[in-house]
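> Sequence and predicted structure, then a few things I'm wondering about:
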Amino acid sequence: MRFIADLHIHSRYSRATGEKMDIPEIARHARLKGITLVGTGDFTHPQYRESLRKTLTDSGNGFYTHAGTSFVVNTEISSIYSAGGRLRRVHNIVFVPSLETAEKVAAMLARFGKLESDGRPTLSISSYDLLARVLEIDDRAFIVPAHIWTPWFSLYGSNSGFDTIEECFGDLSDRIFAVETGLSSDPPMNWRLSALDNRTLISNSDAHSPNRLGREANVFDCDLGYDALREVLKRRDRSRFLFTIEFFPEEGKYHFDGHRACSVRMAPEQSNLSGDLCPVCGRKLTIGVLHRVEQLADRKPDQVPPDRIPFRHLVPLEEIIAEALGVGRDTKTVEAKYAELVNELGSEFAVLLDIPVAEIARFGERIALGVERMRSGQVEIEPGYDGVFGTVRVLPDSPRRNPDNPEPPGSPGKQLGLFGT
């Protein structure tokens, strides 16, 4: 069975998350997007876990369902602890095969912090101990390090992470068989580390509101069940893991180095020349994902490992519509046109990936042109930095998207490719 999966989202119980992030609304938006499988997120939160018990139906295969959408039970944990003489801040996603296991894991984690304070709790447990204790509860559980390059809270983070998976997980490193690349990196950037050759790269939205579901996702062709998913990720099976759906990584909010307070954005080579200091105020720059990849890479950009999972860069349909119509993304105008397209053509991913451009043109020539240019990689991007999303343009005669972002000095937008193999 071929299906699209978004395995990392948050509920309304997480900070800075929309009130509509509950199971019924998540399932509704998943159908609009064309997503079959979604991570529940936030199972450690007691109120959300109770709502999961009330709204989900056990499928008998390790997944749960609501209104035709399947869910895998998982949560993101923010671990803050000392290791190797440094303070570490690492986020990990915990996957479990049942709500019963989720209950046991939550009971164990309650000893390390207040689970009710945030859907993504901050706990005083190391990544190693988290993995060890979860596996003691259920050996079918697994952990995926989240958005592994984010500067502040990740496995390889420039400010509080590690240089290797072994430093972080010790003698349990072989139980880490998948990692999440995050919005600010894509597979080719991760291919530059040979240490990741035997790990499966997955991509997810980390959505905090329903319409952000699927901005990154995974496309599988396997049985719809927990053990099948786990096995595909563990084996890196290209026949069953078809490709990932990616942001253009430059659009991610930590791709370049920078200092948001001074509206300074810099490429790694510029930062190296400045000693990684802000040229305006002299303070230390936030070192972005591209720079951190360069620091740890043991391959050149043109060296591609064997048996890699393909990928496709996409721009969310609402963003293309907004640019084509010259309005903001979160407007009634975009909402109405999005609904028209999706209702007529099947789903957002059908429009972005499969529907002929000529058919899309029935709903607007500029929308069709935007989809066509996105598919061929004709997009212009000014990279994101220090918490500011990058600005993207798919139409040559339109202003850059994401108008809430400042327009700092920096390298000009560039055209980018679409497909990876």
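Received the coordinates, thanks.

> and the residue nearest to Pro279 when sequence neighbours are not counted, how many neighbours?
Nearest residue to Pro279, sequence neighbours excluded (Cβ to Cβ, 6 or more residues apart in numbering): Val264, at 6.5 Å. Heads up, the C-betas are built off the backbone N, CA and C, glycines and all. A total of 25 residues lie near Val264 under the criterion other Cβ atoms under 10 Å.

> Can you tell me how far Val264 is from Cys168?
31 Å (Cβ to Cβ, to the nearest Å).

> before we move on, what about Val73?
Following Cβ to Cβ, the distance that separates Val73 from Cys168 is 24 Å.

> what are the ranges of the helices in the stretch 201-350 of the chain?
226-235, 268-273, 289-296, 317-325, 332-345, 348-353 (DSSP state H, counting those that start in this stretch).

> Quick one: end-to-end distance for stretch 19-38.
From its first residue to its last, stretch 19-38 covers 18 Å (Cα to Cα, to the nearest Å).

> got a pLDDT number for Gly34?
pLDDT for Gly34: 98.

> no, scratch that, I was asking about Asp307
89.

> residues contacting it?
Arg236, Arg238 (Cβ atoms under 8 Å, 6 or more residues apart in numbering).

> swap the cut-off to 10 Å and go again
Asp197, Asn198, Arg236, Asp237, Arg238 (Cβ atoms under 10 Å, 6 or more residues apart in numbering).

> How about His8?
So His8 contacts 38-39, 41, 74-76, 91, 93, 144, 146-147, 180, 182, 202-207, 216-217 (Cβ under 10 Å, 6+ apart).

> Now the closest residue to it other than its chain neighbours: phi and psi?
By the measure of Cβ to Cβ, 6+ apart, the closest residue to His8 outside its immediate chain neighbours is Asn204, 3.5 Å from it. When quoted as degrees, to the nearest 10, the phi and psi of Asn204 stand at phi -140, psi 170.

> Also Arg28?
Torsion angles, degrees, to the nearest 10, at Arg28: phi -60, psi -50.

> is it true that Ser263 touches Val388?
Yes: judged on Cβ atoms under 10 Å, Ser263 makes contact with Val388 at a distance of 8.7 Å.

> neighbour count winner among these two?
More crowded of Ser263 and Val388, by other Cβ under 10 Å: Val388, with 22 against 17.

> partner residues bridging that one?
In this entry, Val388 is beta-bridged to Tyr385, by DSSP bridges.

> I'd like to know how many residues surround Gly41.
Per other Cβ under 10 Å, the neighbour tally for Gly41 reads 31.

> no wait, Arg2
Neighbour number of Arg2 under other Cβ under 10 Å is 10.

> related to what we said a few turns ago, test my guess that the residue nearest to His8 contacts Ile4.
No: with contact defined as Cβ under 10 Å, Asn204 does not count as touching Ile4 (11.1 Å).

> So between the two, which is more surrounded?
Under the neighbour definition other Cβ under 10 Å, Asn204 and Ile4 were set side by side, and Asn204 has more, 29 against 21.

> Can you check what pLDDT the model gives that one?
At Asn204, pLDDT is 98.

> ranges for the helices of the stretch 51-200 of the chain?
99-109, 127-137, 165-169, 187-190.

> So what touches the shortest one?
Contacts of helix 187-190 with the rest of the structure, by Cβ under 10 Å, 6+ apart, involve 148-149, 156, 179, 181-182, 196-197, 199, 201, 203, 243-244, 246, 249, 255, 289-290, 292-294, 297, 301-305, 308-311, 417, 420-421.

> Could you rerun that using 8 Å?
149, 179, 181, 196, 201, 244, 246, 249, 289-290, 293, 301, 304, 308-309, 311, 420.

> swap in the first one?
Helix 99-109 is touched from outside by 43-44, 46, 49, 52-53, 56, 58, 64, 73, 75, 77, 94, 96, 115, 121, 123, 125, 133-134, 137-138, 141, with contacts defined as Cβ under 8 Å, 6+ apart.

> What are the buried residues along that helix?
Leu99, Thr101, Ala102, Glu103, Lys104, Val105, Ala106, Leu109 (16 or more other Cβ atoms under 10 Å).

> Report pLDDT for the closest residue in space to Trp152 that isn't next to it in sequence.
Spatial nearest neighbour of Trp152, chain neighbours left out: Asn159 (5.4 Å); criterion: Cβ to Cβ, 6+ apart. Listed pLDDT for Asn159 reads 95.

> Of all the helices of the stretch 201-350 of the chain, which one is nearest Trp191?
Trp191 lies closest, by Cβ to Cβ, to one member of the helices of the stretch 201-350 of the chain: helix 289-296, at 10.0 Å.
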